[in-house]
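Let's see this in three dimensions:
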Amino acid sequence: MIKVTKLDGTVFYVNPHHIEYIELNPDTTLIMLSGKRLVVREDYQTIFDRIIEYRRKIGLFFNEE
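Numbering: from 1, shown residues only. Modelled structure (predicted):
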């Protein structure tokens, strides 16, 4: 799970495997596989870095490095 922050400051965690794509309009919006849209404070690069870190922690990059 990766940590994200709603615009109102509420912190929550999402499973990055459920993110279908990310929109920047101008706020960062995570579009989930379910169709749900989550607007967050973090910028794209922060989300991207957290996904990479998560994937490393669970060993998904074992064969990719």
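
Identify the bridge partners of I31.
When assigned by DSSP bridges, I31 has beta-bridge partners Y21, R37.

That one against I19, yeah?
Yes - using C-beta atoms under 8 Å, I31 makes contact with I19 at a distance of 7.2 Å. For the C-beta atoms, the positions are set from N, CA and C on the backbone; glycine is no exception.

Spatially central residue in the protein, please.
I47 (4.7 Å; C-alpha atoms, centre = their mean).

residues contacting that residue?
Counting by C-beta atoms under 8 Å, 6 or more residues apart in numbering, I47 touches I2, V4, I22, T28, L30, V40.

how about low-confidence regions in the chain?
For the chain, residues meeting the criterion pLDDT under 70 lie at 60-65.

can you pull out the strands in it?
Assignment of strands within the chain using DSSP state E yields the ranges 2-5, 11-14, 19-24, 28-32, 37-40.

Mind giving me the packing neighbours of the third one?
When contacts are defined as 3 or more C-beta pairs under 8 Å, 6 or more residues apart in numbering; DSSP states H and E, strand 19-24 packs onto strand 28-32, helix 44-57.

Among those, which comes closest to Y13?
helix 44-57 (10.1 Å; C-beta to C-beta).

mind listing what's buried in that closest one?
The neighbour-count criterion (16 or more other C-beta atoms under 10 Å) identifies T46, I47, R50, I51, Y54, R55 as the buried residues of helix 44-57.
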